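Peer 1: Output the structure for:
(one chain, ligands or ions: 1)
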Amino acid sequence: MRVGIMDPVESHARCPCGTGLVYGECCGPLHRGLAAARTAEQLMRSRYSAFAVGDPAYLLRSWHPDTRPTTLDLDADTRWLWLEIVRAELGGELDAQGVVEFRAKYRVDAPSGRSSGVQHEVSSFSRVDGAWVYVDGEA
Ligand SMILES: [Zn+2]
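Peer 2: Prediction:
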């Protein structure tokens, strides 16, 4: 088992993505490379959870090679509070493309002050070697 950045998230804690499942039975196995997302929505949820638990390596790994940034620094002052899936188109087990619209609420506790907001995005997904990856998103 990997140690490090994900240690604060217990496997029996509720998964940040909001399915109601515990992390160890939801996005945890995806983050650890023990399971693969079956649908675009599942990949989207696991990427939200990766933001929430602070796992930039998973975010890069699940990003399409053509659009993936070289490095990714997560803002330590940002806390992701909840995720709402607005709609999902295609992205099923037999699809090659998928679109997921979501809203994600966050709070920023910076030394300079507090703020909060909702990120609303329509994300595109496709498959690389059979595995779902994030392509890009429109706010
Ligand atoms: Zn989850």
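Peer 1: Look at the closest residue to Asp73 other than its chain neighbours and say how many residues are nearby.
Peer 2: Excluding the flanking residues, the one nearest Asp73 by C-beta to C-beta, 6 or more residues apart in numbering is Pro56, at 7.1 Å. In this view, the C-beta of every residue, glycine as well, is placed from N, C-alpha and C. Pro56 is flanked by 15 other residues according to other C-beta atoms under 10 Å.
Peer 1: just Glu93 next, same as before
Peer 2: Other residues close to Glu93 by other C-beta under 10 Å number 6.
Peer 1: Now do the helices for this protein: every range, in order, please.
Peer 2: Using DSSP state H, the helices of the chain run over residues 28-31, 40-53, 56-61.
Peer 1: Looking at these, which is nearest to the ion?
Peer 2: The closest of the helices of the chain to the ion is helix 40-53. By C-beta to the ion, the value is 4.8 Å.
Peer 1: From the chain's centroid, how far away is the closest one?
Peer 2: Put simply, helix 40-53 sits 2 Å off its chain's centre (C-alpha atoms, centre = their mean, to the nearest Å).
Peer 1: Check which helices and strands that helix sits against.
Peer 2: The elements that helix 40-53 packs onto, with contact taken as 3 or more C-beta pairs under 8 Å, 6 or more residues apart in numbering; DSSP states H and E, are helix 28-31, helix 56-61, strand 78-90, strand 97-110, strand 113-128, strand 131-138.
Peer 1: can I get these in TSV with distance to the ion and mean pLDDT?
Peer 2: Converted to TSV, those look like this (distance: least, C-beta to the ion, whole Å; pLDDT from 0 to 100):
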stretch	distance to the ion	mean pLDDT
helix 28-31	8	96
helix 56-61	12	97
strand 78-90	9	96
strand 97-110	13	96
strand 113-128	16	97
strand 131-138	14	97
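Peer 1: taking those together, which one is wrapped up most tightly?
Peer 2: Mean neighbours per residue, mean count of other C-beta atoms under 10 Å, is largest over these for helix 28-31, with a mean of 21.
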